[in-house]
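In: sequence-free structure coming up:
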């Protein structure tokens, strides 16, 4: 498994040679961030899945911070955040909103945003602010629950896949 992943992930020398990352070299070159084993790979996947739901370009910054804090594989944490993209982010956020509504016991149904009114821009802006405030609580709760569930699932599946890969490799070695 390690050889398979090493083919596709960047290595320490990439960070050492990057002039933008040199100021952070002491933190970023810690051996635990680049070591690839079952614990660090599973932790990197979990960090990436959790931080993948952070809005905007802050996903990779969050994943890097988690990898630094928990000392898990940094490249896998960064790579795993890419599951959210323009095609998947809207369904994931809608799912998070529905999870938040379910946990809060809100049975009012989906709250549609106000229709844009170019003639009454100020009124529309105020209505939009009200809508955003009503959606914020279930969305925030749902994002935390969904991100935690994805991280736990990713951690468990990575550990399981690693274990299966190692078991099959041992069997093949034993048969030879």
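Out: Everything's here; your move. Predicted model, so just to flag it, every value in this text is computed and none were measured.
In: which secondary structure elements does the lengthiest helix in the chain contact?
Out: The longest helix of the chain (DSSP state H) is helix 121-175. On a contact count with 3 or more C-beta pairs under 8 Å, 6 or more residues apart in numbering; DSSP states H and E, helix 121-175 meets helix 38-51, helix 89-104. (Each C-beta comes from the backbone N, C-alpha and C, glycine too.)
In: low-confidence ranges, this structure, go.
Out: Low-confidence segments of the chain, defined by pLDDT under 70: 1-2, 5-6, 8-11, 107-109.
In: try it again with 90
Out: Across the chain, residues meeting the criterion (pLDDT under 90) sit at 1-37, 55-57, 75, 85-86, 90, 94, 105-136, 176.
In: next, count neighbours for residue 128.
Out: 13 (other C-beta atoms under 10 Å).
In: what separates the residue nearest to it when sequence neighbours are not counted from residue 104, distance-wise?
Out: The shortest distance from residue 128 to any non-neighbouring residue, by C-beta to C-beta, 6 or more residues apart in numbering, is to residue 114 (5.9 Å). Going from residue 114 to residue 104 by C-beta to C-beta, to the nearest Å gives 22 Å.
In: burial of residue 47, as a residue count?
Out: 30.
In: that one and residue 70 touch, don't they?
Out: Yes - contact criterion C-beta atoms under 8 Å: residue 47 and residue 70 qualify, at 6.5 Å.
In: hang on, the earlier thing: out of the helices and strands packed on helix 121-175, which comes closest to residue 160?
Out: helix 38-51 (9.2 Å; C-beta to C-beta).
In: would you list the phi and psi of residue 69?
Out: Phi and psi for residue 69, reported as degrees, to the nearest 10, are phi -70, psi -50.
In: buried sites along stretch 33-49?
Out: 33-34, 36, 38-49 (16 or more other C-beta atoms under 10 Å).
In: which single one of those is nearest to residue 139?
Out: Distances from residue 139 to the buried residues of stretch 33-49, taken by C-beta to C-beta, are shortest for residue 49, at 18.3 Å.
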